[in-house]
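> Got a predicted structure plus its sequence, pasted below:
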Amino acid sequence: MAELTEKEKSLAELLYQPADAALVAEREVTKQKLTAYNRLNPLDITARTMAIADLFGHAGQNCVVEQPLFCTYGSNTTVGDNFFLNVDCKLLDSGKITIGNNVFIAPNVCLITEEHALDVKQRLAGLEYTHPITIEDNVWIAAGVLVLPGVTIGANSVIGAGSVVTKDIPANSLAVGNPCRVLRQLN
């Protein structure tokens with residue numbers, strides 16, 4: 001059996017080396033795409049739509065991504081239909097980020113799939129893990145939220161401003177705080 005590439009290890013949630021030459025080259029291409037995207041005229045919807053379709057692994061219909069945007073790769077992020085991502089968001093997508101339909105994400109939200117190794121020797125060697133993030137349909141994430149590696153946010157949920165989401169949030173929940181906790185179920 002062939003040895004896994006560092007990218008394959010990353011997507012399989014195995015310890016991997018992000019300084020791998022192929023990954024560095026891929027991130028450099030992403031930086032070029034992001035620079036071009038963030039410089040586009042905000043009123044040129046056609047150019048912005050085409051650029052996001054080229055950047056993301058998949059972008060559904062009626063996908064709006066406000067500028068500026070940052071992501072690690074872009075290609076590891078997929079978004080459904082009727083998606084809105086507001087300004088200054090960060091998609092740290094060394095692992096998979098999967099976002100459903102009708103999702104609204106407010107300004108200054110950060111979705112983080114990477115985590116450094118806990119073992120000091122591994123961490124000093126630059127090794128890390130990724131854990132995927134899933135945001136199901138009809139979710140609203142308010143301003144300034146951090147979603148940490150491995151989290152799933154269930155359908156129809158609302159995450160309050162400034163929350164730090166460290167664990168899965170069940171469907172139909174209003175959740176807030178640091179750490180984020182479910183306050184109540186939504187109808």
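Perfect, I can see it now. Numbers count the residues shown, from 1 in each chain.

> Show me the helices in this protein, by range?
With DSSP state H as the definition, the chain shows helices at residue ranges 6-11, 21-39, 45-55, 120-124.

> Pick the most buried one from those.
helix 6-11 (a mean of 18; mean count of other CB atoms under 10 Å). Backbone N, C-alpha and C define where each C-beta goes, glycine included.

> Just the CA atoms of it, as PDB, please.
These are the backbone C-alpha positions of helix 6-11, laid out as PDB (Å, rounded to 0.1, in the frame of the first residue of the first chain):
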ATOM      1  CA  GLU A   6       0.700  14.900   3.900                       C
ATOM      2  CA  LYS A   7      -2.500  16.300   2.500                       C
ATOM      3  CA  GLU A   8      -4.100  12.800   2.600                       C
ATOM      4  CA  LYS A   9      -3.000  12.500   6.300                       C
ATOM      5  CA  SER A  10      -4.400  15.900   7.000                       C
ATOM      6  CA  LEU A  11      -7.800  15.100   5.600                       C
END
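
> if we can go back for a sec, out of the helices of the chain, the one nearest I135 is which?
Taking CB to CB, helix 45-55 is the member of the helices of the chain nearest to I135, at 16.7 Å.

> Redo the helices of the chain as JSON lines? Include mean pLDDT and distance to L183.
Shown next, in JSON lines, are those (pLDDT from 0 to 100; distance: least, CB to CB, whole Å):
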{"stretch": "helix 6-11", "mean pLDDT": "96", "distance to L183": "34"}
{"stretch": "helix 21-39", "mean pLDDT": "98", "distance to L183": "36"}
{"stretch": "helix 45-55", "mean pLDDT": "97", "distance to L183": "33"}
{"stretch": "helix 120-124", "mean pLDDT": "96", "distance to L183": "35"}
